[in-house]
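J.: fold the following, please.
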Amino acid sequence: MSSKAPWITYRSELKVLDCTIRDGGLVNSHHFGDDMVRAVYDTCLAAGIDYMEIGYKNSPRLFSTQEFGPWKFCDEEDLNRVIGGHDDEATGLKISVMADAEKSDWKEQIVPRSESVLDMIRVAFYAHQVSEAVQMIEHAHSLGYETAANLMAVSGITETEIDTVLDAIAPSPAGTMVIVDSFGHLYREQIDMLYKKYAKAMEGTGKEIGMHAHNNMQLAFANTIEAIILGANRVDATMLGMGRGAGNCPMELLLGFLRNPKFSLRPVYELLRDRIVPLRDKLDWGPLIPYNVTGQMNLHPRAAIQFLAGDEKGDYVKFYDEMTRDI
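T.: Numbers count the residues shown, from 1 in each chain. Coordinates of the predicted model:
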């Protein structure tokens, strides 16, 4: 097959972010052992992936350190213990964390970039939290970090609300504005509409458009492809699609699609064989039927997560009836 065929999507400016430990941590309350985090890190290095999101910078005042593992907080001590000495210029891999608006003590938790192995702070927020999100982005930028704005649950708000958020983010120093399909509800047509809306709002700012997809309707990979074709240059994926609920765009599929010679699939398959697939004996994720139901209904997957943790998790009809009772 010719490398010049028109369906080849390679472009050098497109960057891939692995969020296995961050989004996957929502499956196990962020209780990954150091060896697992290091294994994903080493895989990202070997595979040529551009960014690794290692967890959250969320508040130990608001979240119990007994209930949640270290990657909910990403204290500098924990980061240094596992990937101390990391040099993004030497390795080509940048390290990211996500900080949630109203869930992070960002003024205290985020130290100057010169004192951290981190390279980027991604700020996640709902539409009504955009004012704090802009403050967080400006603060992280002032400390030397790359920044990104992740507007969550975009399928659940109005176009007017989206426009208001975009107007607020456009003059901010955020380097990327990310389309986030939190509920795994979007189809291609909506990805098209959102990409064009985001791109127009960010025109002239130098910002990239990103894509973070969930797989409730088994469209995470397809929707990520669609965003790439439209021009998105920052895309998220996880190993074997590991992530909250239905999971995310699978890294192994995405790298194969991109056909960038800098990426190597073999290290990813090694990680899947040795680390990720064995986790399925203890943890559930992926486009299971209850997640399909919440995706179709444009609902947060928390109800499906609770149902699948119960004794009647195989009675999908009961779950469907419960979710549609008031429709």
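J.: where exactly do the helices run in the stretch 151-300 of the chain?
T.: Taking DSSP state H, counting those that start in this stretch, the helices of the stretch 151-300 of the chain run over residues 159-169, 188-201, 220-230, 251-258, 266-271, 277-279, 289-296.
J.: low-confidence ranges in the chain?
T.: Along the chain, segments meeting pLDDT under 70 span 1-9.
J.: which segments of it make up each domain?
T.: 15-279, 289-324 (automatic domain parsing).
J.: deepest-packed of those domains, please.
T.: Most buried of the domains of the chain, by mean neighbour count (mean count of other C-beta atoms under 10 Å): domain 15-279, with a mean of 20. From N, CA and C alone the C-beta is placed, and that goes for glycine too.
J.: that domain: end-to-end distance?
T.: 27 Å (C-alpha to C-alpha, to the nearest Å).
J.: who touches residue 97 in this structure?
T.: Counting by C-beta atoms under 8 Å, 6 or more residues apart in numbering, residue 97 makes contact with 22, 53-57, 74, 118, 120-122.
J.: cutoff 10 Å now
T.: 21-22, 53-58, 71, 73-74, 79, 104, 109-110, 116, 118-122, 140, 145 (C-beta atoms under 10 Å, 6 or more residues apart in numbering).
J.: let's see which of those residues end up in strands.
T.: Counting by DSSP state E, the part of the contacts of residue 97 found in strands is 53-56, 120-122.
J.: shouldn't residue 237 be in contact with residue 24?
T.: No - under the criterion of C-beta atoms under 10 Å, residue 237 is not in contact with residue 24, lying 11.4 Å apart.
J.: shared neighbours of these two, anything?
T.: Common contacts of residue 237 and residue 24 (C-beta under 10 Å, 6+ apart): 18, 243, 248.
J.: phi, psi of the first one?
T.: Dihedral angles of residue 18 (phi, psi; degrees, to the nearest 10) stand at phi -90, psi 120.
J.: so how far is residue 44 from it?
T.: With distances taken as C-beta to C-beta, to the nearest Å, residue 18 is found 5 Å from residue 44.
J.: got any residues that touch both of these two?
T.: 50-54, 93, 239, 251, 268.
J.: okay, among those, which ones form the most distant pair?
T.: Greatest spatial distance in these: 54 and 268, 17.2 Å, computed using C-beta to C-beta.
J.: which residues of the stretch 201-327 of the chain fall in strands?
T.: 208-213, 234-237 (DSSP state E, counting those that start in this stretch).
J.: format these as CSV; extra columns: distance to residue 325.
T.: Formatted as CSV, the strands of the stretch 201-327 of the chain follow (distance: least, C-beta to C-beta, whole Å):
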stretch, distance to residue 325
strand 208-213, 29
strand 234-237, 34
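J.: make JSON lines out of the shared contacts of residue 18 and residue 44 and add distance to residue 303.
T.: Below are the shared contacts of residue 18 and residue 44 laid out as JSON lines (distance: C-beta to C-beta, whole Å):
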{"residue": "50", "distance to residue 303": "35"}
{"residue": "51", "distance to residue 303": "32"}
{"residue": "52", "distance to residue 303": "31"}
{"residue": "53", "distance to residue 303": "26"}
{"residue": "54", "distance to residue 303": "29"}
{"residue": "93", "distance to residue 303": "37"}
{"residue": "239", "distance to residue 303": "26"}
{"residue": "251", "distance to residue 303": "28"}
{"residue": "268", "distance to residue 303": "32"}
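J.: between those, which is nearest residue 304?
T.: Residue 304 has its nearest neighbour among the shared contacts of residue 18 and residue 44 in residue 239, at 21.9 Å by C-beta to C-beta.
J.: what sits against that closest one?
T.: With C-beta under 10 Å, 6+ apart, residue 239 has these contacts: 18-21, 24, 39-40, 43-44, 47, 248, 250-252, 268-269, 271-272, 275-277, 279.
J.: ok, now with 6 Å
T.: Residue 239 sits next to 20, 251, 271, 276 when contact means C-beta atoms under 6 Å, 6 or more residues apart in numbering.
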